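Colleague: please find the sequence and the predicted model below.
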Amino acid sequence: MDLNLYRSFVVTVERGSITKAAALLALSRPTLSRQLAALEQAMGLSLLLRTTRKVQPTPAGRALYERIAPLLRELEGAEAGVAEERDAVSGTLRVSVPPVIASELGAVLLGLRAQHPRLTIELLADERWADLRSDGVEIAVRAGRVNDADLVRRKLGVSQVGAYAAPSYLARRGTPTSIEALHAHVLLRGTDAMGAPQSSWPARGGGRVSVAAGFTCNDQRTLITMVLDGRGIAVISEVSAAAPVAEGRLRAVLPDRIGAELPLFALCHPRGKQPARVRVALDALERWGKAFARPRKAIDERTPSSGRRSVRTERT
């Protein structure tokens, strides 16, 4: 049965007039009369008593009204809720981000909430790639290659990574001047997107440098702390390294040989299914990305960049 017929019937009973009901429904009087007649024919009963001055329900019409009216109001409430989800910046927004940039993105999202007080933010700082289908996450910010073609990707910019060590470590162990020289150093590995220990580090211009080490950590913040403490060499975000480098607490190691520019993406469900809170958050993240994640200067073309080189390291 067409819900519009039920809606027309309910409004007519409540207004007590076909003319008034037609005006409220934005229908012509003949159109509304045809709809009411169609409903009565489908039910096989007379539902309305019509006079020149008013319309009132028959006993069968009253019984139908009492059953249908609450259901229509509930349906209209559900439709309003969906419309608010689509159009109003409200509800709970769950965003998964790498821990290393969680504070920066947290500030962006707090600024967004200041503009939209009905919005609730849940920021999840996790090295693991969130599953947008099962984890309840609406936006995931990640660097590197994205293999899921079903997700919408909004490119935010370029995330830089490079190898760093503390001056105290380099003074004690020496500064490596080649990939091969790394075999005598303590390399601190992170984990990949699946949580497995890194088997290689990126090489500038392409290729990989294979690494094996006795220490692995899945938290970039811990790796940064260990590097600052002079424990070894690690590949970390250049954003995290920027301040310690400027303060003289970190130095780049083989900057023209080890490191990469990784595209930084905001991932979400297909565009047609995005509520308003997701749309405005993506716009805010994109604005942040333009100011925050910028490409590194071109590497000297004379720097060798091809091939995968194996570097074995001492256990720590």
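Modeller: Received, thanks. What you are looking at is a predicted structure, and each value in this text was computed from that prediction instead of being measured.

Colleague: going by C-alpha atoms from here, please, whenever you check contacts or count neighbours.
Modeller: OK.

Colleague: how about the strands of the stretch 101-250 of the chain, start to end?
Modeller: For the stretch 101-250 of the chain, applying DSSP state E, counting those that start in this stretch gives strands covering 119-125, 139-143, 152-165, 187-188, 200-202, 208-212, 233-237.

Colleague: look up phi and psi at residue 22.
Modeller: Note on residue 22: its backbone torsions stand at phi -60, psi -40 [degrees, to the nearest 10].

Colleague: ok, now which ones touch it?
Modeller: Contact analysis of residue 22 by C-alpha atoms under 8 Å, 6 or more residues apart in numbering lists 12, 28, 29, 32.

Colleague: hmm, try it at 10 Å
Modeller: Residue 22 makes contact with 8, 11, 12, 15, 28, 29, 30, 31, 32, 33 under the criterion C-alpha atoms under 10 Å, 6 or more residues apart in numbering.

Colleague: sort out for me which of those are in helices.
Modeller: Counting by DSSP state H, the contacts of residue 22 place 8, 11, 12, 15, 29, 30, 31, 32, 33 in helices.

Colleague: which residue, other than its chain neighbours, is closest to the second one?
Modeller: In other words, residue 11. Nearest residue to residue 11 in three dimensions, chain neighbours excluded: residue 21, at 5.8 Å (C-alpha to C-alpha, 6 or more residues apart in numbering).

Colleague: could you check how many residues crowd around the one you found?
Modeller: 22 (other C-alpha atoms under 10 Å).

Colleague: ok, it touching residue 8?
Modeller: Yes - when contacts are counted by C-alpha atoms under 10 Å, residue 21 is listed as touching residue 8 (7.5 Å).

Colleague: mutual contacts of the two, please.
Modeller: Listed as contacting both residue 21 and residue 8 by C-alpha under 10 Å, 6+ apart are 27, 32.

Colleague: which residue ranges make up the domains of the chain?
Modeller: 3-82, 88-316 (automatic domain parsing).

Colleague: what pLDDT, on average, does the longest one get?
Modeller: Here domain 88-316 scores 82 as its mean pLDDT.

Colleague: circling back: point out the most buried one among the domains of the chain.
Modeller: Stretch with highest mean neighbour count among the domains of the chain: domain 88-316 (a mean of 17; mean count of other C-alpha atoms under 10 Å).

Colleague: contacting residues for residue 287?
Modeller: By C-alpha under 10 Å, 6+ apart, the contact list for residue 287 reads 108, 156, 157, 281.

Colleague: distance to residue 210 added to those, as TSV?
Modeller: Output for the contacts of residue 287, formatted as TSV (distance: C-alpha to C-alpha, whole Å):
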residue	distance to residue 210
108	36
156	29
157	27
281	38
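
Colleague: follow-up on the earlier one: I'd like the contacts of residue 22 laid out as TSV, including distance to residue 128.
Modeller: Listed next are those as TSV, based on distance: C-alpha to C-alpha, whole Å:
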residue	distance to residue 128
8	53
11	53
12	57
15	58
28	59
29	61
30	62
31	59
32	58
33	61
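
Colleague: what distance do you get for the residue lying closest to residue 186 once chain neighbours are set aside to residue 166?
Modeller: Leaving aside its chain neighbours, residue 186 sits nearest to residue 232 (4.9 Å; criterion: C-alpha to C-alpha, 6+ apart). The gap separating residue 232 from residue 166 is 8 Å, by C-alpha to C-alpha, to the nearest Å.

Colleague: which residues are common contacts for those two?
Modeller: Listed as contacting both residue 232 and residue 166 by C-alpha under 10 Å, 6+ apart are residue 226.

Colleague: go through the contacts of residue 22 and name the one nearest residue 73.
Modeller: Distances from residue 73 to the contacts of residue 22, taken as C-alpha to C-alpha, are shortest for residue 11 (11.3 Å).

Colleague: need the pLDDT of the closest one.
Modeller: As summarised for this prediction, residue 11 has a pLDDT of 92.

Colleague: so it makes contact with residue 27?
Modeller: No - Residue 11 is beyond contact range of residue 27, at 11.9 Å (criterion: C-alpha under 10 Å).
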